[in-house]
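Engineer: A structural model of the following input is requested.
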Amino acid sequence: QVQLAESGGGLVQPGGSLRLSCEVTGVSLDRYVVGWFRQAAGKEREGVASILGSTGGTYHNPTMKGRISISKDMAKNAVYLQMNSLQPDDTATYYCTAETIFQATMTRPTDFHWKGQGTQVTVSP
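Structural biologist: Numbers count the residues shown, from 1 in each chain. Predicted coordinates:
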């Protein structure tokens, strides 16, 4: 049973940074693709990034590339999302998601089967 627990959200000023964490329990990362998507109030889900647990191959949303970086720690069975130069438009609930390597389309973390409860990111002066 895949369980995902996000942490690291909060309130940050424009231009600031946050590092979100996703603890994966119940399964080993090397058989899954883990990703992040976000959903702002009144808007559709938007894929942010994903990472292949076995090889570390990554996908980053091109519109956010340069400001975000996804990484993993196999020893901790965790995935991280580093976000820099945050702007008010980045305000959203960020969700960690997971899919088996055989089912995953890395460019579509919004479609992954499992997701966590989400962590709120608010960017405001």
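
Engineer: from here on, contacts and neighbour counts on C-alpha atoms
Structural biologist: Noted.

Engineer: list the contacts for the residue positioned nearest the centre of the chain?
Structural biologist: Against the mean C-alpha coordinate of the chain, by CA atoms, centre = their mean, the closest residue is residue 36 at 2.4 Å. Residues near residue 36 by CA atoms under 8 Å, 6 or more residues apart in numbering: 47-50, 81, 94-97, 109-110.

Engineer: stretch 79-98: end-to-end distance?
Structural biologist: Taking CA to CA, to the nearest Å, the first and last residues of stretch 79-98 lie 10 Å apart.

Engineer: buried residues in it?
Structural biologist: Using 16 or more other CA atoms under 10 Å as the test for burial, stretch 79-98 gives 79-81, 83-84, 86-87, 90-98.

Engineer: tell me the two of the residues you listed that are most distant?
Structural biologist: Farthest pair in the buried residues of stretch 79-98 (CA to CA) is 87 and 98. Separation: 26.3 Å.

Engineer: from the contacts of residue 36, pick the one nearest residue 103.
Structural biologist: For the contacts of residue 36, the residue nearest residue 103 by CA to CA is residue 109; the value is 11.2 Å.

Engineer: residues in contact with the closest one?
Structural biologist: By CA under 8 Å, 6+ apart, the contact list for residue 109 reads 34-37, 47-50, 97-98.

Engineer: could you measure from residue 49 over to residue 13?
Structural biologist: Counting by CA to CA, the gap from residue 49 to residue 13 is 22 Å.

Engineer: then residue 70?
Structural biologist: 21 Å.

Engineer: compare these two (neighbour count), which wins?
Structural biologist: Using other CA atoms under 10 Å as the criterion, residue 70 and residue 13 rank with residue 70 on top: 24 against 14.
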